[in-house]
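Participant: predicted model follows, preceded by the sequence.
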Amino acid sequence: MNFELVLLEHRNKLCKSCCVPLTASCNRSTIRLPCFRYPFDMENNLCVVLHSKGDLRLEERPIPEPGPNDVLLRMHSVGICGSDVHYWQHGRIADFVVKQPMVLGHEAAGRVVKVGSAVKHLNVGDRVAVEPGVPREMDDFLKSGRYNLSPTIFFCATPPDDGNLCRYYKHCANFCYKLPDNVTFEEGALIEPLSVGIHACRRAGVTLGTTVLICGSGPIGLVCLLVAKAMGASVVVITDLSSERLKMAQEVGADFPLLVTREDSAQDVAQRVAGRLGNQPHVTIECTGAESSIQTAIYATRSGGVVVLVGLGAEMASVPLVNAAVREVDIRGVFRYCNTWPMAIAMLASGKVNVKPLVTHRFPLEDAAQAFETTRQGHGVKVMLKCDQSDQTP
C-alpha cells in the first residue's frame, strides 16, 4: 500500500531548488515527503487529512471562525487512536465510511485563542481538554444523560465529521474542559481514552474490593486497568499475546499479567485466571474484540458477575451464550463514553491516576506520516502528535 503525504496549498513555501520528494520506506508503505527550506507561517492551519483508504495527506485549511457557542483552539497535543489507523488502512469502521476528505484525530488538548460571544466559562489563554462527542439535538438520549448513544451526535474523526489533528480547531465550548495547572496537555489529550476506561468500569460496577479480569493490554486495556485500580479494584489480572505489553501493564499496576497464545482454548485461559485469583473475577472487561477473547471473558467471569465488551471486532461472533445465561452473567456493551471528563480531570489532578507512562512516542505535526506508521506497526503504547510549533513540551 502506498500513500503520498502532500501539501496542497502554499506550494510557494516548498524548496524551489529541491522539488523531488524525499522517500522513507517501511515494509508495507512508501511515504513521500516534500522537502522544505523555510518553515510554515505560524498562522497556517496544517491538518492531517484522510481522503480515502490509504490516502493520508498533510494539507493547509482555513482557520475556522468560532460561532457564538464555540471556542477556537490552538491545538497542542493529539494522540493517535487505533481507530485513526483503521480508517487510514481500511477507509471505514463498520458502517462509518470515509466518502469525503476527513481530518483525523479525537484525543486532543489545546489552548483557547478565540471565544464565541455566548461563551462565559472559558477565556482566551485557557488550557482545555476536548470531549469529541457533541450532541446535535435534544433527543431522548441526551435528556436521559446517555448522549453517547444519540444517532445524530457529532464525533471528531468519524465520517463525515472532521477531527482535530490540526493547528487550529473550532469546538463547542460546553465540551471543552479547563485543565488544572498541574495537568499537562498530553494528560488532557489522554482523557479521551481514559474516559473509555471510566465508562467501562462504571458499566461494570467496579467498586471497592472488586476482582477484575482485563482481556488485552493495549492502550484501552491499560486505561481500564488504571481506572479499575483507582475505583477500588482489589486485584486485576490482565492478559495479552505480547510479553512487552504485559510488562507495561505490570509497571502501571496490574497484579497478575497473564501471557496467552492464539492456540490456548478459552476455557483453559479461564481456568488459569481463576488459578491466579483463587476464584473467578467479579468483572471482566474485554478490550480486544477477538471472538476467542470474548469466549474467555464469559467462561472466566463468576456466576452473577458482569462482562463488559469494549473491544470492537467482527459484526458476528460465536460465544457461549447459554453458559452466561444459566449463570446469570450479565453482558454489557460500551460505546464511547458520556459524562466522564470531570471525573477524569479529578483523577489526574489528584494523582490517583498516572497516564504519563503511556506516552511512548512523540512527533511534530509535520511528521504525521512517521507517527501513523509507528502506530500501525504497534510500537510502544501511545503516539502523541505535537501540533503547536512554538511549544513541543508535554
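Facilitator: Sure, I can see it.
Participant: residues near the residue nearest to Asp161 when sequence neighbours are not counted, how many?
Facilitator: Leaving aside its sequence neighbours, Asp161 sits nearest to Phe154 (Cβ to Cβ, 6 or more residues apart in numbering; 5.3 Å). Yep, even glycine has a C-beta here, placed from its N, CA and C like the rest. When counting by other Cβ atoms under 10 Å, one arrives at 17 neighbours for Phe154.
Participant: and the pLDDT at Phe154?
Facilitator: Per-residue pLDDT puts Phe154 at 98.
Participant: residue contacts, it?
Facilitator: 133-136, 161 (Cβ atoms under 8 Å, 6 or more residues apart in numbering).
Participant: tell me the one of those nearest Glu186?
Facilitator: Gly133 (20.6 Å; Cβ to Cβ).
Participant: how much space is there between the residue lying closest to that closest one once chain neighbours are set aside and Leu190?
Facilitator: Counting by Cβ to Cβ, 6+ apart, Gly133 lies nearest to Phe155, which is 4.7 Å off, once chain neighbours are set aside. Note on Phe155: its distance to Leu190, by Cβ to Cβ, to the nearest Å, is 18 Å.
Participant: more crowded one of these two?
Facilitator: Leu190 (28 against 17).
Participant: the spatially closest residue to the more buried one that is not a sequence neighbour: neighbour count?
Facilitator: Of all residues not flanking Leu190 in the chain, Val355 sits nearest, at 4.4 Å (Cβ to Cβ, 6+ apart). Using other Cβ under 10 Å, Val355 is surrounded by 26 other residues.
Participant: returning to what we had before: state the pair within the contacts of Phe154 that is farthest apart.
Facilitator: Pro135 and Asp161 (12.7 Å).
Participant: helices along this structure, start to end?
Facilitator: 82-90, 140-143, 185-189, 191-204, 219-230, 243-251, 266-277, 291-300, 321-326, 341-350, 368-376 (DSSP state H).
Participant: out of the ones you listed, flag the one nearest Leu73.
Facilitator: From the helices of the chain, taking Cβ to Cβ, the stretch that ends up closest is helix 185-189, at 11.0 Å.
Participant: tell me what that closest one is packed against?
Facilitator: strand 70-79, strand 107-115, strand 127-130 (3 or more Cβ pairs under 8 Å, 6 or more residues apart in numbering; DSSP states H and E).
Participant: nearest spatial neighbour of Ala290, skipping sequence neighbours?
Facilitator: Once flanking residues are discounted, Ala290 sits nearest to Gly313: 5.7 Å by Cβ to Cβ, 6+ apart.
Participant: you'd agree that neighbour is up against Ser292?
Facilitator: No. Counting by Cβ atoms under 8 Å, Gly313 stays clear of Ser292, with 10.1 Å between them.
Participant: which of the two has more neighbours?
Facilitator: Remark: of Gly313 and Ser292, Ser292 carries more neighbours, 18 against 14, as counted by other Cβ under 10 Å.
Participant: so for the more buried one, what's the nearest residue that isn't a sequence neighbour?
Facilitator: Nearest-residue entry for Ser292: Ala266, 5.6 Å, with adjacent residues in sequence omitted and distances by Cβ to Cβ, 6+ apart.
Participant: and if you look at Leu277?
Facilitator: Using Cβ to Cβ, 6+ apart and skipping the chain neighbours, the partner closest in space to Leu277 is Thr211 (5.7 Å).
Participant: okay, and the beta partners of that neighbour?
Facilitator: Assessed by DSSP bridges, Thr211 has beta-bridge partners Val235.
Participant: just the pLDDT at it, thanks.
Facilitator: Turning to Thr211, the model gives it a pLDDT of 98.
Participant: correct me, but it touches Gly232?
Facilitator: No. Counting by Cβ under 8 Å, Thr211 does not reach Gly232; the two are 11.0 Å apart.
Participant: which of those two has more neighbours?
Facilitator: Neighbours per residue (other Cβ under 10 Å) separate Thr211 from Gly232, with Thr211 holding more: 23 against 12.
Participant: tell me the contacts of Val355?
Facilitator: So Val355 contacts 187, 190, 194, 223, 226, 348 (Cβ under 8 Å, 6+ apart).
Participant: out of those residues, which is most surrounded?
Facilitator: Going by other Cβ under 10 Å, Leu194 tops those with 32 neighbours.
Participant: tell me the contacts of it?
Facilitator: Remark: with contacts taken as Cβ under 8 Å, 6+ apart, Leu194 is in contact with 223, 226-227, 340, 344, 347-348, 353, 355.
Participant: and the closest residue to Cys387 other than its chain neighbours, bridged to which residues?
Facilitator: Leaving out its chain neighbours, the residue that sits closest to Cys387 by Cβ to Cβ, 6+ apart is Met75, at 4.0 Å. Per DSSP bridges, the residues bridged to Met75 are Gly110.
Participant: against Pro357, how distant is Met75?
Facilitator: 23 Å.
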